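In: The following block contains a protein sequence and its predicted model.
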Amino acid sequence: MNRIECGLQAIFGGGPRTQGWLEVIAALAEAQAETGLIPAEVVPEIRRVCRVELLDMAAIHRGYQESGHSTMGLIRELKRHCSSAAGEWLYYGATVHDITDTWLAIALLKVWANVFRDLRDLEVILLDSALTHRDTPMPGRTHGQPGLPITFGFKVVVWVREVRRHIDRLKDIRPRLGRGELAGGVGSLSSFLERGFEVQERFFAKLGLRPPDIVWNTARDTLVDFINLLAMMGATFDKIGQEIYNLQRPEIGEVREGFVSGTVGSITMPHTRTPETGQPGPADPAQCRLPGRKFGPRSRAGWALLEGGVGTDWPDLRHGWGAAAVGQNDVRQFAGR
């Protein structure tokens, strides 16, 4: 796995995710004890058992299969390790969303930080390449055909500006991230009595989050917003990767990846040098554009413009002009309503 995949596995892998839930559960117990909702003496025991290495993951999975409830197996396993008194106070008054959505808020902040760091690093690399090749001539293309001269540095600056806009979009969305979820069964905080807001303040302070201004477990627009932003980034990198891939073709030969001695392109065709960097791998960037279908309907405009951002780095009817025409029609139609 590369650095990005390792970073995501450290956040969303089964073990790290479960440990994240456990840390949320322990922080909630501490906040509830501080406000007098649960006995203070049970908190050390709850904190002690909230370690994923103590738990039987197979038993947790069986508990889910038997109950059909996402955290019932986890609750049973924690109670098995707890003293009887402490086990009765495990995420008292809270619902599943309070635990899982609060963990998700923490996870999204980590993803944001990783993506922001990587985009800044990429911007520096691209700027250096643009300066190095500001006078390196190459054909500018339209419809896949040579048109007028440009430089490779000019092409790279287009990528630089696109990456910078993604960085700006990340900065824009950051204030909307980082709000936890703690509201009880129907989102009214009633299970925490008159101490609900105080519990929220203490709970989220322990986790580095902000309290929500209202319950959001049925309002997923911020999550969709972030996913769509990641999809836009995927479209950018798909386009750049395919352009690098195409420009390495021997009949074009305008760019070439660095070669490491000993690398094998083909065991049957030793004369080939297979491009690796620009070629989509198992995690094809196109896949990151699919979740939008799951989280809600997307207009033809949004879908066409997103798909129009990938494929080639030159204008034609599929990329840019045609997609923009669909977008203009839909914006006009929707605004008129």
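Out: That came through fine.
In: Only C-alpha atoms from now on, for both contacts and neighbour counts.
Out: Noted.
In: So, low pLDDT: which residues of this structure?
Out: Scanning the chain for pLDDT under 70 picks out 1, 276-337.
In: if you set the cut-off to 80 instead, what comes out?
Out: 1-5, 84, 258-266, 270-337 (pLDDT under 80).
In: who does the strand or helix carrying V224 touch, helix- and strand-wise?
Out: Using DSSP states H and E, V224 falls within helix 221-247. Using 3 or more Cα pairs under 8 Å, 6 or more residues apart in numbering; DSSP states H and E as the contact test, the elements touching helix 221-247 are helix 152-173, helix 291-295, helix 300-307.
In: mind running it again at 10 Å?
Out: helix 96-132, helix 152-173, helix 291-295, helix 300-307 (3 or more Cα pairs under 10 Å, 6 or more residues apart in numbering; DSSP states H and E).
In: ok, D98 to A113 distance?
Out: Look at D98 and A113: by Cα to Cα, to the nearest Å, they are 23 Å apart.
In: if you skip the residues just before and after it, what's nearest to the residue minimising distance to the centre of the chain?
Out: Centroid check for the chain by Cα atoms, centre = their mean gives V111 as the closest residue, at 5.5 Å. Among residues not flanking V111 along the chain, L8 sits closest, at 7.4 Å (Cα to Cα, 6 or more residues apart in numbering).
In: Same check on R179?
Out: Of all residues beyond its chain neighbours, the one nearest R179 is R210 (4.7 Å), with distances taken as Cα to Cα, 6+ apart.
In: just the helices in the stretch 1-150 of the chain please.
Out: Under the criterion DSSP state H, counting those that start in this stretch, the stretch 1-150 of the chain contains helices at 3-12, 14-34, 43-49, 57-67, 72-81, 84-87, 96-132.
In: Pick the most deeply packed of those.
Out: Comparing these by mean neighbour count (mean count of other Cα atoms under 10 Å), helix 14-34 ranks first with a mean of 21.
In: What residues sit buried inside stretch 164-180?
Out: 164, 166-167, 170, 177-180 (16 or more other Cα atoms under 10 Å).
In: Now do the end-to-end distance for that stretch.
Out: Start-to-end, stretch 164-180 (Cα to Cα) is 29 Å.
In: Just give me how far that stretch sits from the chain centre.
Out: Relative to its chain's centre, stretch 164-180 lies at 12 Å (Cα atoms, centre = their mean, to the nearest Å).
In: returning to that earlier point: the residue nearest to V111 contacts L109, doesn't it?
Out: No - if you go by Cα atoms under 10 Å, L8 and L109 don't touch, sitting 12.0 Å apart.
In: Now for V96: which residues touch it?
Out: Residues near V96 by Cα atoms under 10 Å, 6 or more residues apart in numbering: 69-72, 102, 182, 184-185.
In: mind checking how far it is from V215?
Out: From V96 to V215 the distance is 13 Å (Cα to Cα).
In: A58 now?
Out: Applying Cα to Cα to A58 and V215 gives a distance of 33 Å.
In: likewise V52?
Out: V52 is 28 Å from V215, by Cα to Cα.
In: Only the buried residues of stretch 152-167, if you could.
Out: Going by 16+ other Cα under 10 Å, stretch 152-167 has these buried residues: 152-157, 159-160, 162-164, 166-167.
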